[in-house]
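Trainee: attaching a predicted model along with its sequence, questions to come.
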Amino acid sequence: MSEERGALEALQQGEGLSAQALGELAHALHYALEGARLQKLRDPERGCLALKLRVPSQSYYLSLRATAEGASLRLGLERPPTLPNPTGLGRWARAHLEGTKLCAVRQIDGDRIIAFDFLGRPPREGERQRGGSLYLELIPSLYNLYAVDLDGRVRAWVGRLQARTLHLGRPWEPPARPEGFEVAEQPPRAPLSAEEARALLEPLMAEEQARVVASGEDRASRSLRERRRLIKQTRARLKRLVSALWGDIERAERAEEWGRHAELLKSQLGRLKRGMSSIKVTDWFDPELKEIEVPLDPTRDGKENMERLFQRQRKALRGAEIATERLINAEAQLERFEELIAAHEGASLEELSAALRAEGLFREKQLSSRVSKQSPRKPYRVFWSARGEQLWVGRGGQDNHATSFQHARGQDLWVHTRDVPGAHVIIPLPRRGHEPHIETIRDAAALAVHHSPQRGEQGVELYFTERKHIRPVPGGAPGKVMVASSKTLTALEVEERIERLYAERLRRGSLE
């Protein structure tokens, strides 16, 4: 035991995870935790798994970590935090290892690789045996953590390493050793009692406890830090909104220019041909009658270019009116926010959050997951139709894919502009067979047009179908889909509906 204690003390003092030290650690962990039940798995961070192992009268947390910066193995008594959503490695381990028992902790081939083997109860008829192994590789430049099934095949990992030839579903193999590498001779180790093994591990657990205390903040200081973060982010968000609305109002100044260009094109329709990118015309609105160049959309003919400019003019003028109303509300909320901060100068994070929530200024995701266990960020924005029914609008790209294929159900309705990119709009149905109101469908169509390159155009056609009738395009960009069956829907009164939808969203406290 004296050699084992010396090797473990060297490890504790930071002298590195040599093959010999890892062998001593694996030997002590095996006898200390053999037969322990894996009660719970947690994901403290990306690249890390924390295993709650229960032995008689005591629970231990074994943390296995592997990132590009390094790998480590820690044993402690404090429960670590966990991510809102488990990683792929965490999901596999939960499905196959939770509830099993730790059968063995072993070092692989005398190298810096340690394996933890788990096995469940004997399966009943028709069941599959539960269990598997976790392989932690602590070799520099090859740091990784693998989940391996009972057949020895790799089922999940922290990350794919180019230096390894392993593939998911293929047998796990140790990495190739560098030329000249010699496996250190491992002296024979005598069996230990559970008490002796745990006594050897006590210094390591004490070090882990000291690390947690030294690196972690107490609850009060963490709450103060999160309070400051909440104030900073809320103020910045409101100021960004005010700035963006001023930008919308300033863009309306171009409405006069677009209208003038449209009037000038009226008398030039005979000269305009599809494919032209610009045309020079005499500016009859200029006292000096100067010649100016009017840009054109080459995919449109003369009449379509003229109508497009008139539409942009009308949209800019309406947008300025909407932006002005929203700006008044946003500036009022910013002023109210500053008043609340001053009134709750010495208040706790919870009290300040409650006050902001009451005014519709609080966004749950502004608090970190370590303080607030709220739902993770959603890939869509929520609107409410004229009939009070929800509408989900994908935020774009990968978020569109997640909205349609991870959050929407097969019977939910999907609305999208035809043959052009844009947001996926979902009408979530409360139950199978429910039919949304026709006004809800028209509001969804307006949102789809507004969040597409066809914003501002009239008579836009859209797809309208159940979500189960769409599929991702194999190898296509995120959000690109194939539509198997659909109806055609034409957007009506888009600007008026958008104005109402955004006003309702603002009234309900959402400012993004």
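Mentor: Everything's here; your move.

Trainee: in the stretch 251-400 of the chain, which spans are helices?
Mentor: In the stretch 251-400 of the chain, helices defined by DSSP state H, counting those that start in this stretch lie at 255-266, 302-343, 349-358, 398-402, listed in chain order.

Trainee: most tightly packed of these?
Mentor: Stretch with highest mean neighbour count among those: helix 398-402 (a mean of 20; mean count of other CB atoms under 10 Å). Yep, even glycine has a C-beta here, placed from its N, CA and C like the rest.

Trainee: coming back round to it: can you put the helices of the stretch 251-400 of the chain in TSV and add mean pLDDT and distance to residue 273?
Mentor: Output for the helices of the stretch 251-400 of the chain, formatted as TSV (pLDDT from 0 to 100; distance: least, CB to CB, whole Å):
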stretch	mean pLDDT	distance to residue 273
helix 255-266	85	13
helix 302-343	85	7
helix 349-358	81	58
helix 398-402	90	37
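
Trainee: the strands in the stretch 351-500 of the chain, which residues?
Mentor: For the stretch 351-500 of the chain, the strands defined by DSSP state E, counting those that start in this stretch cover 380-384, 390-394, 413-417, 425-427, 461-466, 470-472, 481-483, 487-490.

Trainee: ok, which of these comes nearest residue 109?
Mentor: Between residue 109 and those, the tightest spacing by CB to CB is seen for strand 470-472, at 42.6 Å.

Trainee: what does the closest one rub up against?
Mentor: Residues outside strand 470-472 that contact it (CB atoms under 8 Å, 6 or more residues apart in numbering): 401, 404-405, 414, 480-484.

Trainee: list only buried entries from these.
Mentor: 401, 404, 414, 481 (16 or more other CB atoms under 10 Å).

Trainee: now for those: which two are most distant?
Mentor: Of all pairs in the buried ones among the contacts of strand 470-472, the most separated under CB to CB is 401 and 414 at 12.3 Å.

Trainee: now do the contacts for residue 328.
Mentor: Counting by CB under 8 Å, 6+ apart, residue 328 touches no other residue.

Trainee: what's the spacing between it and residue 321?
Mentor: Separation of residue 328 from residue 321 (CB to CB, to the nearest Å): 11 Å.

Trainee: ok, now residue 458?
Mentor: Residue 458 is 18 Å from residue 321, by CB to CB.

Trainee: run a quick neighbour tally on residue 20.
Mentor: A count of nearby residues for residue 20, using other CB atoms under 10 Å, gives 19.

Trainee: residue 121 now?
Mentor: 12.

Trainee: still on that earlier bit, which one of the strands of the stretch 351-500 of the chain lies closest to residue 231?
Mentor: strand 380-384 (24.1 Å).

Trainee: what about residue 155, how many residues close to it?
Mentor: 19.

Trainee: let me fix that, I meant to ask about residue 275.
Mentor: 10.

Trainee: what sits up against the helix or strand hosting residue 103?
Mentor: Assessed by DSSP states H and E, residue 103 sits inside strand 101-107. With CB under 8 Å, 6+ apart as the test, strand 101-107 has contacts from 19, 22-23, 26, 29-30, 33-38, 53, 113-120, 186.

Trainee: run the last query once more with 7 Å
Mentor: 22-23, 26, 29-30, 33-38, 53, 113-119 (CB atoms under 7 Å, 6 or more residues apart in numbering).

Trainee: out of the contacts of strand 470-472, the closest to residue 282 would be?
Mentor: Looking across these and measuring by CB to CB, the closest to residue 282 is residue 480, at 45.2 Å.

Trainee: got a list of what that closest one touches?
Mentor: Contacts of residue 480 (CB under 7 Å, 6+ apart): residue 473.

Trainee: pop the domain breakdown of the chain in here.
Mentor: The chain breaks down by automatic domain parsing into domains covering 2-215, 217-374, 378-512.

Trainee: hey, least reliable of those by pLDDT?
Mentor: Mean pLDDT across those is lowest at domain 217-374; the value there is a mean of 80.

Trainee: give me the distance from that one to the chain's centre.
Mentor: 25 Å (CA atoms, centre = their mean, to the nearest Å).

Trainee: can you check stretch 419-436 too?
Mentor: 22 Å.

Trainee: can you give me the end-to-end span of that stretch?
Mentor: With CA to CA, to the nearest Å applied, stretch 419-436 spans 25 Å between its terminal residues.

Trainee: can you list contacts of that stretch?
Mentor: 389-394, 396, 400, 403-404, 408, 411-416, 440-441, 444, 447-448, 451-454, 467, 479.

Trainee: buried ones among those residues?
Mentor: Buried among the contacts of stretch 419-436 by 16+ other CB under 10 Å: 389, 391-394, 396, 400, 403-404, 408, 412-416, 440-441, 444, 447-448, 451-452, 454, 467, 479.

Trainee: can you say which of the contacts of strand 101-107 are buried?
Mentor: Burial by neighbour count, judged by 16+ other CB under 10 Å, picks out 22-23, 26, 29-30, 33-34, 36-38, 53, 113-119 from those.

Trainee: what about the residues you listed, which are in helices?
Mentor: Residues of these located in helices (DSSP state H): 22-23, 26, 29-30, 33.

Trainee: quick one: the residues you listed as a markdown table, columns for distance to residue 268 too.
Mentor: Formatted as a markdown table, those follow (distance: CB to CB, whole Å):
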| residue | distance to residue 268 |
| --- | --- |
| 22 | 81 |
| 23 | 86 |
| 26 | 84 |
| 29 | 84 |
| 30 | 87 |
| 33 | 84 |
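
Trainee: over to the spatially closest residue to residue 422 that is not a sequence neighbour: give its phi and psi.
Mentor: Closest residue to residue 422 apart from its sequence neighbours, by CB to CB, 6 or more residues apart in numbering: residue 452 at 3.0 Å. Backbone geometry at residue 452, expressed as degrees, to the nearest 10, gives phi -150, psi 170.

Trainee: let me know whether residue 361 touches residue 338 as I believe.
Mentor: No. Using CB atoms under 7 Å, residue 361 makes no contact with residue 338, being 10.8 Å away.
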